[in-house]
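[1] quick one, fold the following:
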Amino acid sequence: MRHRIFFLSILSIFSFFLCIPVMAEVLPESDPGGVDYGAVFGSLAAIVAVIPVIVEAVKGFFPKMPSIVIQILSWIVGIGICMFGWWQHLGFLDDLDWYIALLYGLGSGLAANGIADTGLIQWIIGLFASKK
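    Have a look, this model is predicted:
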């Protein structure tokens, strides 16, 4: 037991001294405050990952919601996020027709519930979208 504690303490001290040059490295100058909000809307999977977080936050305010209301809420949140991204020309929603963005919103809500996966949603929307 003593040997393990000694070995772990030596290893932790050694790894600390290995990290010092990395922490002291000067990073190149970047644009301060230049956050790319369009990157949040980079893919359908990113939107699908955000929906449960928002729905769980709303569920915290109303803990006794029925499950059908939670599903409908996730569909509405998905549609709202995608329509906001379409309105602001963010990410992959830029240069889409409004009804295609609406379909992406409905599809992201369905995918967040586990009813469909993102590949199926993109295939179905590909049937409606015009080839550019």
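[2] any low-confidence regions in this structure?
    1-40, 116-118, 130-132 (pLDDT under 70).
[3] which stretches of it form helices?
    Counting by DSSP state H, residue ranges of the helices within the chain are 2-24, 44-61, 67-87, 98-113, 118-128.
[4] out of these, which is the most enclosed?
    Comparing the helices of the chain by mean neighbour count (mean count of other C-beta atoms under 10 Å), helix 98-113 ranks first with a mean of 21. All C-beta spots, glycine's among them, are computed from the backbone N, C-alpha and C.
[5] ok, residues contacting that one?
    44, 47-48, 51-52, 55, 71, 74-83, 85-86, 93, 96, 116-118, 121-122, 124-125, 128-129 (C-beta atoms under 8 Å, 6 or more residues apart in numbering).
[6] now do stretch 44-56
    Contacts for stretch 44-56 (C-beta under 8 Å, 6+ apart): 40-41, 70, 73-74, 77-78, 81-82, 85, 92, 104, 107-109, 111-112, 118, 121-122.
[7] cutoff 7 Å now
    Stretch 44-56 has contacts (C-beta atoms under 7 Å, 6 or more residues apart in numbering) with 40-41, 70, 73-74, 77-78, 81-82, 104, 108-109, 111-112, 118, 121-122.
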